[in-house]
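[1] I would like to see how this sequence folds:
(2 chains)
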There are 2 protein chains.
Amino acid sequence: MKKIIFSLTLSIFLFSCNKKTLNKSSETILSKEEKNDSTKIKSLFNSALTEGKSYEWLRDLTQNIGGRLSGSKEAQMAVEWSEQLMKEVGFDSIWLQPVMVPHWVRGHKEVANYTSNGVKKKVAICALGFSVATPKEGISAEVIEVKSLEEASALGTKMKGKIVFFNRAFDNTLIHTFKAYGGCVDQRVRGAAICGEFGAKGVIVRSMTNAIDDFPHTGTMSYGDLPNEKHIPAAAISTLAAESLSKDLKNNPNLTFYFKQQCQTLPDAPSFNVIGEIKGSETPENIFVVGGHLDSWDLGEGAHDDGTGIVQSLEVAYLFRKNNIQPKNTLRVVFFMNEENGTRGAKKYAELATLNKENHIGGLESDAGGHTPRGFSIDANSENTALLITWKKLLAPYGLHDIEKGGSGADISPLKGEDVTLVGYRPDSQRYFDYHHTSRDTFDKVNKRELELGSASMASIVYLMDKYLYKDTPVKL
Amino acid sequence: MKKIIFSLTLSIFLFSCNKKTLNKSSETILSKEEKNDSTKIKSLFNSALTEGKSYEWLRDLTQNIGGRLSGSKEAQMAVEWSEQLMKEVGFDSIWLQPVMVPHWVRGHKEVANYTSNGVKKKVAICALGFSVATPKEGISAEVIEVKSLEEASALGTKMKGKIVFFNRAFDNTLIHTFKAYGGCVDQRVRGAAICGEFGAKGVIVRSMTNAIDDFPHTGTMSYGDLPNEKHIPAAAISTLAAESLSKDLKNNPNLTFYFKQQCQTLPDAPSFNVIGEIKGSETPENIFVVGGHLDSWDLGEGAHDDGTGIVQSLEVAYLFRKNNIQPKNTLRVVFFMNEENGTRGAKKYAELATLNKENHIGGLESDAGGHTPRGFSIDANSENTALLITWKKLLAPYGLHDIEKGGSGADISPLKGEDVTLVGYRPDSQRYFDYHHTSRDTFDKVNKRELELGSASMASIVYLMDKYLYKDTPVKL
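    Alright, predicted model coming up:
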């Protein structure tokens, strides 16, 4: 009987969860205050979808500046562009926060090939960020294929003089593609550190993507504390090339792989986080951050990673203005520099926040692409996590169902503290790794409505957090 | 107090809705049988994402056959392709169901332009399906812009000799783009019937899309019961052209619009629905239909509309085989012919179902594009609707949150009956009208994972419906 009642309750609830019913029965479910919130959220969505600016801002950033790796001329152009754009949107104050950033450059386009059964095969390849160059003439060596760091480590000195090929594929059965990425990216980040230790000649890594195609995916790597003389060149090859090489190695284990790259790490360069602030009307000492990262990899235009996060963050402030929402707490839009290879901007921001005894009550980061909205991931204490999850009834009509505990983002997580509520915007992840860190991450891959729905989703949760968080948890960082 | 308890229950429940918690606490929430179902659903998704065939099938259909309007050579090729493919997948029986279909042909590419302030502007235009041609030399006339059928009707004979321009735009604030389409499409379907009555010379309609771009969207129209001599040419112009024309008309209300099209309706042509059947193991007399439509408009490749629905429907049967699921009821995969301009295939299928006294217990249609899964729309009696909504707990981990009452689809809705449970697959709708009925509806717009997740979503709900519906509602059609 208990079970029947429970099932019945569950059915009623599940029924009440659905949009249609929510709308119909909103009078019984939503309190007066919640109805006001619902109306405000609707108006934020209406504004974004009819007078949003994010798409044209993104067109400008990606097509007139393009890829903007830390330390590059384009990154500096992006800083100036951001400051100018913030002036147009209108903030109480705008400033550039200086930060020294790594300055790695790719140099000439990389080359790779190997010969199997007398057929020379060209390989789509790109150097990994922070990798050293090969000698000018490139390197040639036999290949050892492995599927994990452990397997590589176990080879020990057997890998001496060889190229180690990390070929563990994404687990495509994971619905959330970021989990598949998380399950593979150690190969890219740490492969060269392990293989350099044992005297390997170089490292090539299968690209980090669900897709089987011919686009190599770059990304950051680290030699850890390996001495300079043990640094070996590291590159990513396309998944199509990885599949092909793996197959050819089965028939011809002694084939010779060749690659050449001319990348180098220059001295650190000066750069900036770009910050726009709207002063809070009630508790201006409490600060809420909304941001993404301004830098991007050099191969594409940095559209989904993270041009979309930048323009959406700015659009939150724009939508607040358009809807006459005056935040009670101070709202800062922060374009972080150097998320891709160093997160120096994020560290600098958090360092100065502590130094200046600033009160950060929370943050929202958009760095998971500009696809259709799915929800938010919450890194907060249990009380605030539970509070945010109750907002699902207000946000579900906009496709925001996945509101749950999880990580926020690389740029705001240094602000973490017991009473700081950090949130990551979570758009649909299915297409993200088709483009991520490749030449395909371009403006044409972004859909206007999906981008605008994301801006409105972000503005809505910032509106709610500004309204409901500050009362209960104005706590010093 | 009551309110507090209610809120608490709501919080707990909303919390329990989220994926993470669902997984963690599945032992307490899911019954033993539901756990079995959950495992089966997971295996369907795993298969689709690792050994799915739908993407390569779609590549073949769209790139080797392409657009396949009813009555065309390509439609016939698609019928043959379908029969062959069904043989490869393996059914207990496969047959072609003859049906006579309308045979409208576009003829040479349409031309349109107008001159404003001495500048001649080319207009992106396409004839609407079933429209008559213009005279060989085209037509020129002054333009009257209206925003609705009512506004047009009110003009009466003032429109005599004029071209009536229907320019009501999509309401972009509607989150579900199909609702915006539903709010505008009367202009395309009925505009010419109304204006032909009053002696207008022609009709041009703003394209049915959220986007502002230069691609005209075709689609079906009807002259209703208007006598032949009152049939006037009807065409769609791009939204960019519509905006431009509307602006120019404000400054120059007497400008002359010119267009030429050579389309015609030929005698009805023979064609087929293509049907594959797996006999039910327990109640084979009960039939469940899964389908989409094989025909498409001629301008693109019929990828999202409805190549994706076709290959997903077939993949349901493929995934059942791969996972050794033997349906209890008979499962029919039906590729309907002529959804776009006549739904003759759907009518024929339903007609023969009645004639042969077949027992249809339900159906699932995929005709809303191949984008990332969002849910299902249910057209059933209240008991079965409530039952399907309880499955949200099993389906939400795959992004299927929107499971609610609503329409199913044009091809299965003729099977409607009190105890027939009809379901429409509902992928995300944001990008759909960027491509719908245009030259842009091509294979490259489809993402492999999104397509496969759709197949698995469909297979999962068919699995559940097959298992749970037949017991309670084996009712004669």
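[2] what's the longest strand in chain A?
    In chain A, with assignment by DSSP state E, the single longest strand is strand A:264-278.
[3] Direction included, what does it pair against?
    Note on strand A:264-278: by DSSP bridges, its sheet partners are strand A:93-105 (antiparallel), strand A:329-336 (antiparallel).
[4] just checking, next helix/strand downstream of that strand?
    strand A:283-293 (DSSP states H and E).
[5] picking that back up, how far is the longest strand of chain A from where the chain is centred?
    Centre-to-centre, strand A:264-278 and its host chain are 18 Å apart (Cα atoms, centre = their mean, to the nearest Å).
[6] any idea of the angle that strand forms with strand A:283-293?
    For strand A:264-278 against strand A:283-293, the angle by axes from the mean of the first three to the mean of the last three Cα atoms, to 10 degrees is 140 degrees.
[7] What's the nearest residue in the stretch 201-350 of chain A when you look at chain B?
    In the stretch 201-350 of chain A, no residue comes nearer to chain B than A:N210, which is 6.1 Å away by Cβ to the nearest Cβ. Every C-beta, even on glycine, is put in place using the N, C-alpha and C of the backbone.
[8] How about the contacts made by that residue?
    Going by Cβ atoms under 8 Å, 6 or more residues apart in numbering or on different chains, A:N210 touches A:F170, A:N172, A:T177, A:A180, A:F433, A:D434, B:R449.
[9] Swap in 10 Å and give it another go.
    Taking Cβ atoms under 10 Å, 6 or more residues apart in numbering or on different chains as the contact definition, A:N210 lies against A:169-172, A:174, A:177, A:180-181, A:239, A:429-434, B:49, B:447-449.
[10] ok, now A:V119?
    A:V119 neighbours (Cβ under 10 Å, 6+ apart): A:D248.
[11] State the pLDDT value of it.
    pLDDT recorded at A:V119 is 94.
[12] Quick check: the residue nearest in space to the middle of chain A vs chain B, distance?
    Closest to where the C-alpha atoms of chain A average out (Cα atoms, centre = their mean) is A:D367, at 3.3 Å. As judged by Cβ to the nearest Cβ, to the nearest Å, A:D367 and chain B stand 19 Å apart.
[13] What residues are bridge-paired with the residue lying closest to A:D248 once chain neighbours are set aside?
    Using Cβ to Cβ, 6 or more residues apart in numbering or on different chains and skipping residues adjacent in sequence, the residue nearest A:D248 is A:S116, 3.9 Å away. With DSSP bridges as the criterion, A:S116 is bridged to A:V119.
[14] Verify the stated contact: A:S116 with A:A241.
    No. Taking Cβ atoms under 10 Å as the definition, A:S116 is not a contact partner of A:A241, at 11.9 Å.
[15] The two - which one has more neighbours?
    Shown here are A:S116 and A:A241; by other Cβ atoms under 10 Å in any protein chain shown, A:A241 has more neighbours (24 against 16).
[16] Mind pulling the model confidence for the more buried one?
    98.
[17] My reading is that it is in a strand; is that accurate?
    No. A:A241 is assigned helix when assessed by DSSP: H, G, I helix; E, B strand; the rest coil, not a strand.
[18] Now do the SS call for the residue of the stretch 201-350 of chain A closest to chain B.
    coil.
[19] Quick check: residues of the stretch 101-250 of chain A near chain B?
    Applying Cβ under 10 Å from any Cβ of the partner chain, we find that the stretch 101-250 of chain A lies next to chain B at A:D171, A:N172, A:T173, A:L174, A:I175, A:H176, A:T177, A:N210, A:A211, A:I212, A:D213.
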